[in-house]
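**Student:** I would like the atomic coordinates for the input below:
(2 chains)
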Amino acid sequence: AQSVTQLDSQVPVFEEAPVELRCNYSSSVSVYLFWYVQYPNQGLQLLLKYLSGSTLVKGINGFEAEFNKSQTSFHLRKPSVHISDTAEYFCAVSGAVGGQAGTALIFGKGTTLSVSS
Amino acid sequence: KAGVTQTPRYLIKTRGQQVTLSCSPISGHRSVSWYQQTPGQGLQFLFEYFSETQRNKGNFPGRFSGRQFSNSRSEMNVSTLELGDSALYLCASSAGTSGSEQYFGPGTRLTVT
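**Tutor:** Have a look, this model is predicted:
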């Protein structure tokens, strides 16, 4: 079975500071990893994804993430955040659910990023 | 390219009633997945349809069902509504291949009273 753990439920930071949102996954098979962002009263938007290849993945809005297979982690980083980055961030793994292949996403509980001035 | 659309956006139902939610995927996408989002349980996978067949199912009771039509539009139905079914229901479409990106709709906010 696959699972995703987001280690921080809330992360408060000041504008222009760097931020890291932590994500650990558990899987017995190869996985695809994703970070999504959700703004209030909206659906989810893909920030970046790791399928294979380079372990450093760059996404939209200046975000990047590093896949670490030995530590089963996929932490999200941004060197300098803006007020507009305030949102909820979800780490997800894609793969088999209930033993069946498919594209189902298993999400972590989410991390609320609050950026203040 | 039009995004994923969901109707209705908001819905209020009474306990015991049933409800049908609709999702229109991005043109050309053959996979539609449904998710339930609640403050307590977070985002949970309900089921995935691919070419009119349910390909994957999450751990939800049989009151939750779905279907997909030949044009890839999908509906989900919840029968005998319970207060705990109050949630944001999100639909996502994708090409359906492993690792393919899922594009989410804005969701339907269901409130059960």
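**Student:** list the residues that contact the closest residue in space to B:Arg30 that isn't next to it in sequence.
**Tutor:** Nearest residue to B:Arg30, sequence neighbours excluded (Cβ to Cβ, 6 or more residues apart in numbering or on different chains): B:Gly96, at 4.9 Å. Where C-beta positions appear, they are placed from N, C-alpha and C, glycine not excepted. The contact partners of B:Gly96, by Cβ atoms under 8 Å, 6 or more residues apart in numbering or on different chains, come to A:Thr103, B:His29, B:Arg30, B:Ser31, B:Phe50, B:Ser51.
**Student:** which PyMOL command selects the buried ones in the residues you listed?
**Tutor:** Buried residues among the contacts of B:Gly96 (16 or more other Cβ atoms under 10 Å in any protein chain shown), as a PyMOL selection:
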select buried, (chain A and resi 103) or (chain B and resi 29+30+31+50)
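**Student:** and the contacts of B:Gly96, which of them are in strands?
**Tutor:** Secondary structure from DSSP state E places B:Ser31, B:Phe50 of the contacts of B:Gly96 in strands.
**Student:** just to revisit the earlier point, got a pLDDT number for the residue nearest to B:Arg30?
**Tutor:** Predicted confidence (pLDDT) for B:Gly96: 84.
**Student:** does it count as helix, strand or coil?
**Tutor:** coil (DSSP: H, G, I helix; E, B strand; the rest coil).
**Student:** tell me how many other residues crowd the nearest residue to B:Lys57 once chain neighbours are set aside.
**Tutor:** Nearest residue to B:Lys57 in three dimensions, chain neighbours excluded: B:Phe47, at 4.7 Å (Cβ to Cβ, 6+ apart). By other Cβ atoms under 10 Å in any protein chain shown, 24 other residues sit near B:Phe47.
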